[in-house]
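In: No letters, just coordinates:
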């Protein structure tokens, strides 16, 4: 059986962003996680958290996590709390970040995204996540609202990107390993 650390990385990414950015509410968190996963996929062909994102009208959303915020699983509840300040739901870390399951590349991207968006409010991040011809925009335009955003849409011709063939081959290899050995 293949053991992944997606859940641990998800929880620790949330803890990291809650601790290292200001104004970290649910919407900002969803965008930070989207940037983390898609930038990492672009460079390596793998996600950090294992989340699937969907093109909701207001931006990319990891639907399962979004729904989990309504009735948090015990591990999420022990990692964070939500402080309500009027309509704003601030994510507050209850634990320290543990990076033992993160690769150096994952840690570097996590730090970069937190640095770039440290002071940003959600409204300021919307413009970036909604850029024309980026994964959310392409999915919304080509498939419609609430459709799955394919990670392959992160691949481009920039120097830090895998080629489309490399990314596809890595994704297929990972999927095949999961089919053969199972996933935990």
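Out: Looks like it came in fine. Note that the structure is predicted; figures quoted are calculated from it, not measured. Numbers count the residues shown, from 1 in each chain.
In: separation between the residue positioned nearest the centre of the chain and residue 101?
Out: For the chain, the residue nearest the mean C-alpha position is residue 33 (2.6 Å; CA atoms, centre = their mean). Counting by CB to CB, to the nearest Å, the gap from residue 33 to residue 101 is 16 Å. Where C-beta positions appear, they are placed from N, C-alpha and C, glycine not excepted.
In: Remind me which helix or strand the residue nearest to the centre of the chain belongs to.
Out: helix 26-44 (DSSP states H and E).
In: so what secondary structure elements neighbour that helix?
Out: In this structure, helix 26-44 packs against helix 6-20, strand 59-61, helix 63-68, strand 88-93, helix 104-116, helix 122-129, helix 164-181, with contacts taken as 3 or more CB pairs under 8 Å, 6 or more residues apart in numbering; DSSP states H and E.
In: Would you mark the buried spots in the first one?
Out: Of the residues in helix 6-20, those buried under the neighbour-count criterion (16 or more other CB atoms under 10 Å) are 8-20.
In: Kindly reformat the residues you listed as JSON lines containing distance to residue 75 and pLDDT.
Out: Shown next, in JSON lines, are those (distance: CB to CB, whole Å; pLDDT from 0 to 100):
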{"residue": "8", "distance to residue 75": "9", "pLDDT": "96"}
{"residue": "9", "distance to residue 75": "12", "pLDDT": "97"}
{"residue": "10", "distance to residue 75": "10", "pLDDT": "97"}
{"residue": "11", "distance to residue 75": "6", "pLDDT": "97"}
{"residue": "12", "distance to residue 75": "11", "pLDDT": "98"}
{"residue": "13", "distance to residue 75": "13", "pLDDT": "98"}
{"residue": "14", "distance to residue 75": "11", "pLDDT": "98"}
{"residue": "15", "distance to residue 75": "11", "pLDDT": "98"}
{"residue": "16", "distance to residue 75": "16", "pLDDT": "98"}
{"residue": "17", "distance to residue 75": "17", "pLDDT": "98"}
{"residue": "18", "distance to residue 75": "15", "pLDDT": "97"}
{"residue": "19", "distance to residue 75": "17", "pLDDT": "97"}
{"residue": "20", "distance to residue 75": "20", "pLDDT": "98"}
